[in-house]
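Peer 1: Turn this into a model:
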Amino acid sequence: MTVARRDGTRRADARRENDPPSVIQAVRNAQDKETGATMMKLVTKTVLAAGLLALFGVAAASAQDAAAAVAPIHKGLAAIGAGLAIVGGGLGIGLIGKSAVESIARQPEAAGPIGTNMILTAALVEGATLFAVVVGLLAALA
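Peer 2: Purely as a prediction, here's the structure:
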């Protein structure tokens, strides 16, 4: 593709429309896909852990009379689940922050919306983590 100058001459543009993306851009695209897949796996595992925690809590509450000897095991599992929820939430918020900082480094002019979305997403992850911890601790202490 050529570009016309004011004086009427033409020059070859350094970047053409049909050029393949550069190697750096291909690597960045691969990293973005990998980060998205990692984040999706982390969210799935966190939700799964919260569901299992709730299940253990209900099982421990309904089986108090039937299995008094097994109650310490349920309490231990609930406490482990609460700890795993904290670890999962911490990893999730860390990945959110990492991705936001990388995005701001690539596009500094979009720092405001990226920061807002980062804080909102981190708050949602923190809320889910807090819910899982409360359920786990209620099951462990009941």
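Peer 1: A128 is in what secondary structure piece?
Peer 2: helix 111-141 (DSSP states H and E).
Peer 1: which stretches of this structure form helices?
Peer 2: Secondary structure of the chain, counting by DSSP state H: helices at 23-62, 71-106, 111-141.
Peer 1: Return the list of helices and strands in contact with the helix holding A128.
Peer 2: Packing partners of helix 111-141 (3 or more C-beta pairs under 8 Å, 6 or more residues apart in numbering; DSSP states H and E): helix 23-62, helix 71-106. C-beta coordinates here come from the backbone N, C-alpha and C atoms, glycine included.
Peer 1: if we can go back for a sec, will you turn the helices of the chain into CSV that also has mean neighbour count and mean pLDDT?
Peer 2: Listed next are those as CSV, based on neighbours: other C-beta atoms under 10 Å; pLDDT from 0 to 100:
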stretch, mean neighbour count, mean pLDDT
helix 23-62, 14, 67
helix 71-106, 16, 87
helix 111-141, 16, 90
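Peer 1: ok, and what's touching stretch 122-137?
Peer 2: For stretch 122-137, the surrounding residues in contact (C-beta atoms under 8 Å, 6 or more residues apart in numbering) are 43, 46-47, 49-50, 53-54, 56-57, 78-79, 81-83, 85-86, 88-90, 92-93, 96-97.
Peer 1: go on, stretch 79-97?
Peer 2: 35, 38-39, 42-43, 45-46, 49-50, 52-53, 56, 118, 121-122, 125-126, 128-130, 132-133, 135-137, 139-140.
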